[in-house]
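Chemist: Build me a model:
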Amino acid sequence: MKKVNARELHRDLGYFFLGLIITFAFSGILMNHRSDWHPEKYTLEAKEIQISLPEESQINDAFAENLAKELKIDDKVKRHMVRKGKFKMQFENTEVEIDVETGKGEIIQFIKTPFISQTMFLHKNTSNWWIYFSDIFGISLIIIAVTGTLMVKHGKHTFKRRGWKLALAGLLFPLLFLLFLS
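Modeler: The predicted structure is shown next:
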């Protein structure tokens, strides 16, 4: 039986998962900023509206459903809320935002952004086969990381001399983030 070579395993797993690593990194960056913009959707149409809103206490599920019908939105209301002086309704491909005081608002319709929406779907997918593949991917990333520590065997840049300090710093950063910022 041939001995497993860390350098070859590291290289081959790196090559095999290169596309997935880039895709996950790209979609992960987009997911980090999804509250600031709609990375998986882009505006197809924005339409100004003027609505008379009832008092905030009367804004409920029934009101949201009726308003959606009145605005000719043929989609189920995912959520609605009043926050920071705005009444907001969210649908799969449409958002409505209305100023509570003035009644002025906007209906924004979206369509999926090609490639970006598909890569972000990978991050959110919960099908069993994808979960198993993602587990294999995660294990492979651990193997890539460990084999990377074994690649430099001599000199001042080995894991024993220098690498462990950098690895510890890399480990401390997310731990500190979890402790102090979450």
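
Chemist: In the helix or strand bottoming out on mean pLDDT in the chain, which residues are buried?
Modeler: Ranking every helix and strand in the chain by mean pLDDT, DSSP states H and E puts helix 116-124 at the bottom, with a mean of 75. For helix 116-124, the neighbour count (16 or more other Cβ atoms under 10 Å) marks 116-117, 119-120 as buried. Using the backbone N, CA and C atoms, a C-beta is placed for each residue, glycine as well.

Chemist: Now the element after the longest helix anywhere in the chain, going C-ward?
Modeler: Selection of the longest helix in the chain by residue count, based on DSSP state H, yields helix 6-32. The helix or strand immediately downstream of helix 6-32 is strand 41-50, counting by DSSP states H and E.

Chemist: got a list of contacts for that next one?
Modeler: 71, 93, 96, 98, 103-113, 117 (Cβ atoms under 8 Å, 6 or more residues apart in numbering).

Chemist: what's the domain layout of the chain?
Modeler: Following automatic domain parsing, one finds the domains of the chain at 6-35+115-151, 41-112.

Chemist: and Thr23, how many neighbours?
Modeler: 17 (other Cβ atoms under 10 Å).

Chemist: OK, contacts around the closest residue to it other than its chain neighbours?
Modeler: Leaving aside its chain neighbours, Thr23 sits nearest to Thr119 (5.2 Å; criterion: Cβ to Cβ, 6 or more residues apart in numbering). Thr119 is in contact with 23, 26-27, 30, counting by Cβ under 8 Å, 6+ apart.

Chemist: which one among these gets closest to Gly170?
Modeler: When the contacts of Thr119 are ranked by distance to Gly170 (Cβ to Cβ), Phe26 comes first, at 21.0 Å.

Chemist: how many neighbours does the closest one have?
Modeler: For Phe26, the neighbour count with other Cβ under 10 Å is 14.

Chemist: Which residue is the nearest non-sequential neighbour of it?
Modeler: For Phe26, ignoring the flanking residues on the chain, the nearest one in space by Cβ to Cβ, 6+ apart is Thr119 at 6.0 Å.
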